[in-house]
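Undergrad: the amino acid sequence is not available; the structure is as follows:
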């Protein structure tokens, strides 16, 4: 029993020591750079990605010139970057830029039309000629034209990919991937892909925005750059039919009908504009197609026939089955969920364009380069890298994207070393 005379002192437990908050770990330099990059406007990010891709491609081209280019292919004992800028078709564009087109069709020993400049569309070499007035050599003037056209193409393409709201970041990623596709080094050499991509993306963007009359002159310029207007005819018709079928929810005005009809007519004219000009200039109506035949293009053989023949001669029935399987798989991807975030017109072009190539182009290594203008391919790759099998962005998107970029860089390097370089006794053009 406690003594009542002794005061009772309460027992208190000692106060716990004050917890010291751990000092925050400062973000790494790469993390800070990434955060700063993400804070920039998206269009600036697109241009930075484009510029970085051009530097990277420039390094790969220089290495290919030093390590893989045979001096006999360029006529220089120590090949370097400039030698690969004007290689292959660049030699023809240089002749056109400096001397114009021939006054008559040349003929070979057996009487057939021989190789000549009329096979090449005029807008690119004419722009290069305009830049050469400043005193720049051909290879540097061609680089200036294509680098500027490629930068503009990247911006317009980003707008086209982001035409459906809510996909601005994914659209920027798609443009970045497009800049690093295997044939992307061709965007800064003397070829027409950069200029054609700008005009093609501009035509499709104006079509999506229903600015038909503004699209007409762009489509005409495209017809003087590359043979891409023919599949666009299908897309313009598809666009008009789709609008007409939805007219109860989306009224079609009289102005819309007339301006769309004008665009359709201009696109059809653009598809045959350069062959018609060549026929008038040479006095031979079929001059353009006779010139193309010198390079092995023979439309009279029939659509798709050269590819089926090539597959049959290579592996027989198995080769034909493999070809059809690859085409079916590619179309499935271009029509699947990884392009569902694009506008219907752009998705339709993604399917029509490769079918058009298979119908009119013979089996040739340049198909890799031609497919660079099938813009939805980059959009599908961006979606696959960022989303994977999920409908939304995957939590592992950074790792997936890094792996995709590494694979893309390896493929880009392979394409540059194998196809962009030239060996006179082994013809595999880019």
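TA: Done, it's in. Please read these numbers as outputs of a predicted model, since none were measured by experiment.

Undergrad: need the longest helix for the chain.
TA: In the chain, with assignment by DSSP state H, the single longest helix is helix 254-282.

Undergrad: and that helix, average pLDDT?
TA: For helix 254-282, mean pLDDT is 97.

Undergrad: tell me which residues of it come out buried.
TA: Using 16 or more other Cβ atoms under 10 Å as the test for burial, helix 254-282 gives 256, 259-260, 263-264, 266-271, 273-275, 277-279, 282. For every residue, glycine as well, the C-beta is placed using N, CA and C.

Undergrad: pick out the residue nearest the middle of the chain.
TA: residue 372 (3.7 Å; Cα atoms, centre = their mean).

Undergrad: just read off the phi/psi values of that residue.
TA: phi -60, psi -20 (degrees, to the nearest 10).

Undergrad: do the same with residue 107
TA: phi -120, psi 140.

Undergrad: in contact with it, which residues?
TA: 113-114 (Cβ atoms under 8 Å, 6 or more residues apart in numbering).

Undergrad: now residue 339
TA: Counted by Cβ under 8 Å, 6+ apart, residue 339 has contacts 333, 347, 350, 376, 379-380, 383.

Undergrad: quick one: low-confidence parts of the stretch 1-150 of the chain?
TA: 1-25, 29-31, 34 (pLDDT under 70).

Undergrad: residue boundaries of the helices in it?
TA: 29-39, 42-67, 71-74, 81-85, 89-99, 123-132, 138-161 (DSSP state H, counting those that start in this stretch).

Undergrad: just send these back as CSV, with distance to residue 318 and mean neighbour count too.
TA: Shown next, in CSV, are the helices of the stretch 1-150 of the chain (distance: least, Cβ to Cβ, whole Å; neighbours: other Cβ atoms under 10 Å):
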stretch, distance to residue 318, mean neighbour count
helix 29-39, 48, 10
helix 42-67, 34, 17
helix 71-74, 35, 16
helix 81-85, 37, 22
helix 89-99, 34, 18
helix 123-132, 41, 20
helix 138-161, 38, 22
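
Undergrad: among these, which is nearest residue 417?
TA: Of all the helices of the stretch 1-150 of the chain, it is helix 42-67 that lies closest to residue 417, at 4.8 Å by Cβ to Cβ.

Undergrad: and the angle for the closest one with helix 138-161?
TA: Orientation check (axes from the mean of the first three to the mean of the last three Cα atoms, to 10 degrees): helix 42-67 against helix 138-161 gives 140 degrees.

Undergrad: which other helices and strands contact helix 42-67?
TA: helix 29-39, helix 81-85, helix 138-161, helix 168-178, helix 397-415 (3 or more Cβ pairs under 8 Å, 6 or more residues apart in numbering; DSSP states H and E).
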